[in-house]
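**Student:** Sequence plus the predicted model coming up.
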Amino acid sequence: MKKNDNRGFVLAETLVVTVFLMTIFSMIYYYFYPLIGEYEKREVYDTADDKYSVYWIKRIIEDSNYTITNVDKQNFFRANGYIRFECKDVPDVDQKRAMCESLVKALQVSGCKKGGNMCDIFITPFQLAGLAAKNPNIHRDFKDTVNLPYDKNAGRTNNAILKKHEICSLTENNDICGSYFVQNCKNSLYFTTTDSTELCQKLGDERVFNTGFRDYVDLLPDYKNESPNGARYRIIVVFKHTMDNSNYYSYATTEVK
Amino acid sequence: MKKLNNKGITTIEVIICFILVVTITTSMYSTVSAFNQKRITEQYKEEIYTYKNLLTKEIQNDFIKIGVTHASYKEKVEGYKTTYTIDCNMRDGTKRRLVVIQRHGKSDYHTDGDPNASDYYMIKYGTPADMIDYPIPKLGSFVLPKVESDDPAKRESERTIQDLSINNIWMSISEDNNVLDIYIGFYHPELGTRYGIQIIAPIDYVASGNDAGTNINLYQDS
């Protein structure tokens, strides 16, 4: 009968296998753990509450009384693929402007100042990417605008958009934009203090799109095909939830006919 | 016959292997245990989301499809029980009522609760003649024992405390009477106060334009 080889593993073999297994487990953990973070991040994307909130803003935009006649705003839309929705553009017919102000406040839309202005409600083309290549009037897709790199010393072209840039024409320089913004911002503050100018200057130099917003927009589809409902625009809204000691942002979007 | 090689492993080898196995098992156990806890928490969240989405849909469907023309709010306190009621007149002439009843039993969660009654939370919604109960999900509970004392103020009855409670209720109608704002906040020891129901709708808002789409034209010169 052939003799059985019943020698066990030597210590070195055991160690090699253990290290190998530990490496595999570490790698699994390393790649798996960020997925939980991703999941938690997506928990605040397009929740049912936010979808209803966005619906009411969409209703105001689809109201035939709502128009944008400001040429600078129209040019800004074509250059950058978005404009900000503001209650001051809602005509004061049937108390609709007052309702708009109360609504954005109740909905806890981020960034809102007095009069329902400067809220983080962005009107974009329905297509978030691929439109600039097809439509000569649109110079940059919204997804590209959101992801513009930030260089403090660079000019306005192809540099991240700052809040003060939204209020001036495309040709005006940073200083003029800044002074417009400070003036407008001071009028929009709920409480005016001695350092309002400084506060507004700081606000004007902030980037319009923060990291959380960029992550959300990157995750949205490009919507390259036309809307089956005939929608031409899209709104993307940032909410800042502060009820019941909460403090977090959430994001939602819907199409606008 | 050739002698079998029956050398065993040394004590040192056994100890080292044992330590390695114990280390791996312990780290695996804590990881699996943490994930299991996360699974339970996610299940709680899922139940809250299902509940709040269902209730929100019922209410918002009426607000969107019919429309609110007028809303009024009242709050009634009876001992430890508080009843919040929102009455809405709808555009089609019907009425809708939302009632939230909140009674905390005394516990570590709500130290100012009723020492002689269990937690009771209920949300009702519908027409005033046909209210439908929407009991909040049961995500665990515990029973606090009866406390005997010569001092009547220190006596407590046996009572059941729910882990999920209606913690904070905020109902308001804006100053201009044009926006209805309802917030029903939940508290759960694992989830905190983050998960609540928020229902906001304009009052007596009629959009102009007959749903024809927006008037703005940003693609070309106007």
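**Tutor:** Happy to help now that I have it. Numbers count the residues shown, from 1 in each chain, chains lettered A, B, ... in the order given.

**Student:** Who are the contact partners of the residue nearest to A:Y190 when sequence neighbours are not counted?
**Tutor:** Spatial nearest neighbour of A:Y190, excluding adjacent residues (Cβ to Cβ, 6 or more residues apart in numbering or on different chains): A:K114 at 5.5 Å. To be clear about C-beta, it is placed using only N, CA and C from the backbone, and glycine gets the same treatment. Residues in contact with A:K114 (Cβ atoms under 8 Å, 6 or more residues apart in numbering or on different chains) are A:N187, A:S188, A:L189, A:Y190.

**Student:** name the element the residue of chain B found nearest chain A belongs to?
**Tutor:** Nearest to chain A, among the residues of chain B, is B:G209, at 2.9 Å (Cβ to the nearest Cβ). Assigned by DSSP states H and E, B:G209 belongs to neither a helix nor a strand.

**Student:** Check the gap between it and B:V99 for me.
**Tutor:** 36 Å (Cβ to Cβ, to the nearest Å).

**Student:** A:C100 contacts A:G116, correct?
**Tutor:** Yes - applying Cβ atoms under 8 Å, one finds A:C100 in contact with A:G116, separated by 5.2 Å.

**Student:** Please name the residues that touch B:N116.
**Tutor:** B:N116 is in contact with B:R155, B:E156, B:S157, B:R159, counting by Cβ under 8 Å, 6+ apart.

**Student:** Could you export those as CSV, including pLDDT, distance to A:E198 and secondary structure?
**Tutor:** What follows is the contacts of B:N116, written out as CSV (pLDDT from 0 to 100; distance: Cβ to Cβ, whole Å; DSSP: H, G, I helix; E, B strand; the rest coil):
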residue, pLDDT, distance to A:E198, secondary structure
B:R155, 87, 60, coil
B:E156, 88, 56, strand
B:S157, 89, 59, coil
B:R159, 91, 55, strand
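
**Student:** Redo those as TSV? Include distance to chain A.
**Tutor:** Converted to TSV, the contacts of B:N116 look like this (distance: Cβ to the nearest Cβ, whole Å):
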residue	distance to chain A
B:R155	33
B:E156	28
B:S157	29
B:R159	25
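
**Student:** ok, and the most crowded of those residues?
**Tutor:** Within the contacts of B:N116, most neighbours by other Cβ atoms under 10 Å in any protein chain shown means B:R159, with 20 neighbours.

**Student:** Just checking: what are the partner strands of whatever helix or strand B:Q102 lives in?
**Tutor:** According to DSSP H and E, B:Q102 maps onto strand B:95-103. Strand pairing for strand B:95-103, using DSSP bridges, gives strand B:81-90 (antiparallel), strand B:120-127 (antiparallel).

**Student:** So for that strand, mean pLDDT?
**Tutor:** For strand B:95-103, mean pLDDT rounds to 95.

**Student:** okay, A:C100 and A:G116: which has more neighbours?
**Tutor:** A:C100 (29 against 26).

**Student:** Confirm that the more buried one sits in a helix.
**Tutor:** Yes - checked against DSSP: H, G, I helix; E, B strand; the rest coil, A:C100 lies within a helix.

**Student:** That one and A:C112: what is the separation?
**Tutor:** 11 Å.

**Student:** pLDDT weak spots in chain A?
**Tutor:** For chain A, residues meeting the criterion pLDDT under 70 lie at A:1-9.

**Student:** Grab the most central residue of it for me.
**Tutor:** What sits nearest the mean C-alpha location of chain A, by Cα atoms, centre = their mean, is A:F213, with 3.3 Å.

**Student:** Would you mind listing what in the stretch 101-250 of chain A touches chain B?
**Tutor:** Within the stretch 101-250 of chain A, the positions near chain B by Cβ under 8 Å from any Cβ of the partner chain are A:102-103, A:105-107, A:123, A:125, A:135, A:137-138, A:230, A:232-233, A:243-246, A:248.

**Student:** ok, for the most centrally placed residue in chain B, nearest residue in space, not its chain neighbours?
**Tutor:** The centre of chain B sits closest to B:F186, judged by Cα atoms, centre = their mean, with a distance of 4.0 Å. Using Cβ to Cβ, 6+ apart and skipping residues adjacent in sequence, the residue nearest B:F186 is B:Y195, 5.2 Å away.

**Student:** so what's that neighbour scoring on pLDDT?
**Tutor:** For B:Y195, pLDDT reads 88.

**Student:** Work out for me the element A:T14 sits within.
**Tutor:** Counting by DSSP H and E, A:T14 is found in helix A:11-42.

**Student:** Which helix or strand lies directly C-terminal to that helix?
**Tutor:** In N-to-C order, the element after helix A:11-42 by DSSP H and E is helix A:48-62.

**Student:** The helix or strand just after that next one near chain B at all?
**Tutor:** Downstream of helix A:48-62, the first helix or strand assigned by DSSP H and E is helix A:71-80. Yes - judged by Cβ under 8 Å from any Cβ, helix A:71-80 and chain B are in contact via A:K73, A:Q74, A:F77, A:R78.

**Student:** Pull out the buried residues from helix A:71-80.
**Tutor:** For helix A:71-80, the neighbour count (16 or more other Cβ atoms under 10 Å in any protein chain shown) marks A:K73, A:Q74, A:N75, A:F76, A:F77, A:R78, A:A79, A:N80 as buried.

**Student:** got the contact list for that helix?
**Tutor:** Outside helix A:71-80, the residues touching it (Cβ under 8 Å, 6+ apart) are A:68, A:83, A:123, A:137-140, A:142, A:145, A:161, A:166, A:168-170, B:218-219, B:221-222.
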